[in-house]
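# show me the folded form of this:
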Amino acid sequence: MPKPAFFSQTSLLFLLLLFLNCQPKNQNAKPTPADENQLIRVTAKDIHALVKNAEHEIVLVNVWATYCLPCIAEIPMLARLNQSKDAPPFTLLLVSADFPEEVQNARAFLREVGAPMPSYLKNEDDMPFINGLDPTWNGSLPVNILFYKGITQMVWEGIINEEELRELFNKL
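Numbering: from 1, shown residues only. Here you go, the predicted structure:
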């Protein structure tokens, strides 16, 4: 009677899939359609690269969190404005400052309000992130940073209303 093989074909397939899944992933890879519902971890340096390579000359970076009620109130307006046909075209980068245990809530909220996905998740300590994004920002949420052609035009903390934002866009 022949001895059974040490690994069955199923076992080998399982080990191969496990091995492939454990390989390091390219942290700088562009999101693919599979990433549509993801919050991609970013540093301040990553955000500046996203701004530089954005589709539009106007880029609005909004840093927010699910525990911040003014943030939750502001994001639906930003998402609507981003999809509006009568607003100047701009790229909206939403960056969650949520804690790791809140990521699922952040993702669900963004989907619920129709925010652009993928969106982003702060992935560095607060002070390097704050100072790296803009040293004039005191760290309060929400914060909106407006860029034009990669250059910071304005930083404002707290909610901005749609009328003000449209006016700023039109000036650019």
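# in the chain, which spans are strands?
For the chain, the strands defined by DSSP state E cover 39-42, 58-64, 91-96, 119-122, 143-148, 151-157.
# partner residues bridging the residue nearest to the spatial centre of the chain?
A centroid search over the chain (C-alpha atoms, centre = their mean) returns Tyr120, at 1.7 Å, as the residue closest to the centre. Note on Tyr120: beta-bridge partners Ile40, Val95, judged by DSSP bridges.
# so what's the residue lying closest to Leu92 once chain neighbours are set aside up against?
With sequence-adjacent residues excluded and distances taken as C-beta to C-beta, 6 or more residues apart in numbering, Leu92 is closest to Asn82, at 4.3 Å. From N, CA and C alone the C-beta is placed, and that goes for glycine too. Residues in contact with Asn82 (C-beta atoms under 8 Å, 6 or more residues apart in numbering) are 90, 92, 116.
# now, of those residues, which are buried?
Buried residues within those, defined by neighbour count using 16 or more other C-beta atoms under 10 Å: 90, 92.
# what would the contacts of Asn82 look like in TSV with distance to Leu141?
Putting the contacts of Asn82 into TSV (distance: C-beta to C-beta, whole Å) gives the following:
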residue	distance to Leu141
Phe90	21
Leu92	16
Pro116	19
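# look at the residue nearest to the centre of the chain and report its pLDDT.
The model reports Tyr120 with a pLDDT of 96.
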